[in-house]
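Engineer: sequence first, predicted coordinates after that:
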Amino acid sequence: MQTMNRIYGYRMTTTSGGNLSIRDEEGSIWISPARVDKGALTREDIVCIKADGAVDGHHPPSSEFPFHKAIYEARPDMRAIVHAHPVALVAFSICRSTPDTRLFHQTYSVSGKVGFGPYACPGSDELGKNIASTFAEGCHSVILENHGVVVGGESLAEAFQRFEAFEFAGKTLIKASQIGKVRYLDDEQLRRAAERSVLLESFEPPVADARERELRRELCGFLRRGCRQRLLISTEGSFSARLNNESFLITPTQRDREKLGIEDLVLVTNGRCEAGKRASRAVRAHQGIYQKHPGVKAIVFAHPVNATAFSVTDAELDTRTIPESYVFLRDVHRVPYGVQYQDDGAIADFVSPSSPAAILENDGVLVTGSNVLDAFDRLEVLESTAEAVINARSIGEVSVMPEQVIAELRSAFNLN
């Protein structure tokens, strides 16, 4: 119920489209119902089909139950399935192709092996056979010809994250193809990203004071907002806030960003990590920026689709298009791939209070701010600017403000 509400709330399916299922330890399959509003499911709406075929529920099961059952039979390792019609992946299904997930290390690793299932009538046994045979080849994420997408996982959380990452790759590819040649990661680049790890010495922190508790609440609130506005995805990105000159709070690694609570955030002090927790793998990058720039109080690494489209092409994101964009962001620099993974703090050379945002090649964006709200606001402006520029390119030539206008803005808003 919660997962379907999230998918529907993200506009990744329609009221009548899509279905989810879980297979429990006894072999029963719990599945979303047929002909029930996906935006208003309750616990009582979920249907259970027992291993012996008996049906327990107030509604008939989804008409797509046959392919759920067929996938589980073909893949005993899978315990959850997500099927939906997100627009980007539907576009690929219409074109009878699959998105290349090598855009980013995270979409590649999370999406798993990608496959394509031949068309058959929805709800038919033939469709079940087509999809199950594709999953039997070891696939995790399958585009259905002229239909949608099916993904599976060892848990519903994993299946959802795989579904979200796969759709994110599709959306980014579509946007990027409008502005330039798409750049993909090679095996060595993927390996570098996958193998990076951060081990910090741990310490037992003191009881959090009122300021730290409030900062934790503020960070969690903006993390949820960022996920719901599709500025962040659940499996990738990091957000931190400076507590004082020696300490900052940061998101943990490998945790769903939208579901984080205040106790899940990790306190880092003088390079040591709060005991019992694992800080984001980007913690060294955050630390380097804070050390070099005392005026930076909050940092976010994120993957909003439109801005990220610029990160996988060589197209320039010119902020000199509207006054707000330039005032909030100034000139946005491009960071060569992998700099943010280094432990030498080199990433700090690409941002500053007077240059608060950067495009990370094949890894989204980096935004800094004077506080959490400021960083989040700039992230929103960056994504809005990127979307406007991409849309403008489909209309005509992008017109940037002349130098005299930029000089006027710098004077009027005291921009250094």
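Structural biologist: On my side now, so go ahead. Numbers count the residues shown, from 1 in each chain.

Engineer: alpha carbons only: can I get stretch 299-309 in PDB?
Structural biologist: What follows is stretch 299-309, C-alpha atoms only, in PDB (Å, rounded to 0.1, in the frame of the first residue of the first chain):
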ATOM      1  CA  ILE A 299      25.900  20.900   0.800                       C
ATOM      2  CA  VAL A 300      23.700  18.700  -1.400                       C
ATOM      3  CA  PHE A 301      24.800  16.200  -4.100                       C
ATOM      4  CA  ALA A 302      21.700  15.400  -6.100                       C
ATOM      5  CA  HIS A 303      20.300  14.000  -9.400                       C
ATOM      6  CA  PRO A 304      17.400  16.200 -10.600                       C
ATOM      7  CA  VAL A 305      16.600  14.900 -14.100                       C
ATOM      8  CA  ASN A 306      17.000  18.100 -16.200                       C
ATOM      9  CA  ALA A 307      20.200  19.300 -14.600                       C
ATOM     10  CA  THR A 308      21.600  15.800 -14.700                       C
ATOM     11  CA  ALA A 309      20.900  15.600 -18.400                       C
END
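
Engineer: please, where are all the strands along the stretch 101-250 of the chain?
Structural biologist: Here the stretch 101-250 of the chain has its strands, by DSSP state E, counting those that start in this stretch, at 114-117, 141-144, 148-153, 202-203, 238-242, 247-250.

Engineer: what residues does the second one touch?
Structural biologist: This points to strand 141-144. Here strand 141-144 makes contact (C-beta atoms under 8 Å, 6 or more residues apart in numbering) with 89, 92-93, 97-98, 111-117, 119, 127, 131, 134-135, 149-151, 162-163, 166. No exception for glycine: its C-beta is placed from N, CA and C like everyone else's.

Engineer: please repeat the previous calculation with a cut-off of 7 Å.
Structural biologist: With contact meaning C-beta atoms under 7 Å, 6 or more residues apart in numbering, strand 141-144 is reached by 89, 92-93, 98, 111-112, 114-117, 131, 134-135, 149-151, 162, 166.

Engineer: same check on the first one?
Structural biologist: The contact list for strand 114-117 (C-beta under 7 Å, 6+ apart) reads 98, 101, 130, 131, 134, 137, 139, 141, 142, 143, 144, 145.

Engineer: just put the strands of the stretch 101-250 of the chain in TSV and tack on distance to residue 309.
Structural biologist: Listed next are the strands of the stretch 101-250 of the chain as TSV, based on distance: least, C-beta to C-beta, whole Å:
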stretch	distance to residue 309
strand 114-117	20
strand 141-144	20
strand 148-153	20
strand 202-203	39
strand 238-242	20
strand 247-250	26
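
Engineer: now those strands as JSON lines including mean neighbour count, distance to residue 187 and mean pLDDT?
Structural biologist: Converted to JSON lines, those look like this (neighbours: other C-beta atoms under 10 Å; distance: least, C-beta to C-beta, whole Å; pLDDT from 0 to 100):
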{"stretch": "strand 114-117", "mean neighbour count": "20", "distance to residue 187": "16", "mean pLDDT": "96"}
{"stretch": "strand 141-144", "mean neighbour count": "26", "distance to residue 187": "20", "mean pLDDT": "97"}
{"stretch": "strand 148-153", "mean neighbour count": "27", "distance to residue 187": "24", "mean pLDDT": "96"}
{"stretch": "strand 202-203", "mean neighbour count": "14", "distance to residue 187": "34", "mean pLDDT": "92"}
{"stretch": "strand 238-242", "mean neighbour count": "26", "distance to residue 187": "25", "mean pLDDT": "97"}
{"stretch": "strand 247-250", "mean neighbour count": "23", "distance to residue 187": "30", "mean pLDDT": "98"}
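
Engineer: and those: which comes nearest residue 325?
Structural biologist: Smallest distance to residue 325 across those (C-beta to C-beta): 21.8 Å, for strand 238-242.

Engineer: may I have that closest one as PDB, with CA atoms only?
Structural biologist: C-alpha atoms of strand 238-242 as PDB (Å, rounded to 0.1, in the frame of the first residue of the first chain):
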ATOM      1  CA  SER A 238      23.700  13.200  -0.100                       C
ATOM      2  CA  PHE A 239      22.700  16.200   2.000                       C
ATOM      3  CA  SER A 240      24.700  17.700   4.900                       C
ATOM      4  CA  ALA A 241      24.600  20.700   7.200                       C
ATOM      5  CA  ARG A 242      27.400  22.300   9.200                       C
END
